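*Asks:* Got a predicted structure plus its sequence, pasted below:
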Amino acid sequence: MKIYNCNEVNISHKQLLKLRDNNQARLIIDNILAIDILTKNHLRPGNTYLYTFLILSIFAIGVLGFSIYLSFSNSWWWFIPGILISFIIWNANRKSVSDNLVDEALRDESFYDKIKNIKGWMYQIDPNDAKKFTI
C-alpha cells in the first residue's frame with residue numbers, strides 16, 4: 001500500500017466507497033489540515049466537531065494549568081504527570097478530529113468534494129489499483 005494525494009489520483013466518492021468496501025483503499029487527512037478545516041465556516045461539516053475539539057483542548061490546558069498550580073502549592077513534581085496527561089489528551093483530540101472528518105466524508109459526498117477541491121485528501125491504496133485513477 002502506498003499513500004497518494006489528490007494531485008496524483010482522482011477518485012470520486014462512489015469509487016472510494018467501492019474501494020473501501022473491498023478493503024482496497026483508505027481515506028486519510030492530515031491532522032493539522034483537519035484542525036484548519038474546523039476553523040473555516042465554508043469547509044467544516046458542522047459546529048459539533050469544532051465544539052468538541054475546543055472543549056477537549058480547554059480541558060487539556062486546564063489539566064496542565066492545574067498541575068502547574070499544584071507544583072507551586074503542594075509538591076514540585078505535579079507538573080510532570082500534568083504535562084504527560086495534557087500531551088495525551090491533546091494528541092488524542094487532534095487524531096479524533098481527523099478521524100471524524102474522514103467519517104463525515106464517507107457519509108457526505110458534498111463534504112468529500114469540498115476537501116477534494118482543496119486537495120486535502122490522501123489515499124492509502126495499492127499501486128496496482130491506483131493506476132486506473134492516476135492523473
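*Replies:* Thanks, I have it. Since the model is a prediction, treat every value here as computed from it, not as a measurement. Residues are numbered from 1 along each chain as shown.
*Asks:* And the helices in this protein, which stretches?
*Replies:* Along the chain, the stretches classed as helices by DSSP state H are 13-21, 31-38, 47-73, 79-107, 109-117, 127-130.
*Asks:* can you tell me which residues contact the residue nearest the centre of the chain?
*Replies:* Centroid check for the chain by Cα atoms, centre = their mean gives residue 98 as the closest residue, at 1.2 Å. With contact taken as Cβ atoms under 8 Å, 6 or more residues apart in numbering, residue 98 is in contact with 28, 29, 30, 31, 34. The C-beta positions use only the backbone N, C-alpha and C, and glycine is treated the same way.
*Asks:* Now it: closest residue in space, sequence neighbours ignored.
*Replies:* Nearest-residue entry for residue 98: residue 34, 4.3 Å, with adjacent residues in sequence omitted and distances by Cβ to Cβ, 6 or more residues apart in numbering.
*Asks:* the bottom helix or strand of the chain by mean pLDDT?
*Replies:* Within the chain, confidence by mean pLDDT, DSSP states H and E is lowest for helix 127-130 among all helices and strands, at a mean of 87.
*Asks:* can you give me the offset of that one from its chain's centre?
*Replies:* 24 Å (Cα atoms, centre = their mean, to the nearest Å).
*Asks:* cool, stretch 83-93 as well?
*Replies:* With Cα atoms, centre = their mean, you get 15 Å for stretch 83-93.
*Asks:* now stretch 56-74: mean pLDDT?
*Replies:* Average pLDDT, stretch 56-74: 96.
*Asks:* which one of the helices of the chain lies closest to residue 6?
*Replies:* helix 109-117 (5.9 Å; Cβ to Cβ).
*Asks:* Hmm, residue 33 is touching residue 120, no?
*Replies:* Yes. Using Cβ atoms under 8 Å, residue 33 makes contact with residue 120 at a distance of 5.5 Å.
*Asks:* Would you mind telling me which of those two has the busier surroundings?
*Replies:* Comparing residue 33 with residue 120 by neighbour count (other Cβ atoms under 10 Å), the higher total belongs to residue 120, at 21 against 18.
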